[in-house]
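Enquirer: requesting a structural model of the entry that follows:
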Amino acid sequence: MAKGLIWATAEDLARNRGRVLSLYRQLLRSLNSPKLPLNLAARLAKKAEVRTIFMVASEERSLHNIEDLIDTAEYSLSLLKEGKIPKHIQ
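Expert: Sure thing, here's the model as predicted:
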């Protein structure tokens, strides 16, 4: 993944940009699933939480933390596709 040892370089950030945007869009879309037991207000609140998490995470420069954030997003997406709400955004 990385050229930098601890901190992400501009090249590292550019390389992950597409992956992160894709995860972001997929998470927002998955929250619209009829499998989830959420009303409209709850769906909008969960989407706001996802946006906030990604906005705060966009400031992250540690390679290990970036990988952890991507792994967490992929795990959350897999749960949402099964119709479950991940614990960390409940």
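
Enquirer: show me what contacts the residue nearest in space to the middle of the chain?
Expert: Centroid-nearest residue in the chain: Ala73, 3.8 Å away (criterion: Cα atoms, centre = their mean). Neighbour list for Ala73: 20, 23-24, 27 [criterion: Cβ atoms under 8 Å, 6 or more residues apart in numbering]. Just so you know, the C-beta spots here come from the backbone N, C-alpha and C atoms, and that holds for glycine as well.

Enquirer: quick one: these as JSON lines, columns for secondary structure too.
Expert: Formatted as JSON lines, those follow (DSSP: H, G, I helix; E, B strand; the rest coil):
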{"residue": "Val20", "secondary structure": "helix"}
{"residue": "Leu23", "secondary structure": "helix"}
{"residue": "Tyr24", "secondary structure": "helix"}
{"residue": "Leu27", "secondary structure": "helix"}
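
Enquirer: name the member of these with the most neighbours.
Expert: Highest neighbour count within those, by other Cβ atoms under 10 Å: Leu27, with 22 neighbours.

Enquirer: now do the contacts for that residue.
Expert: When contacts are counted by Cβ under 8 Å, 6+ apart, Leu27 touches 50, 73, 76-77, 80.

Enquirer: closest to Asn65 among the contacts of Ala73?
Expert: Nearest to Asn65 out of those is Val20 (Cβ to Cβ; 12.9 Å).

Enquirer: doesn't Thr72 make contact with the closest one?
Expert: No - using Cβ atoms under 8 Å, Val20 is not in contact with Thr72, being 11.9 Å away.
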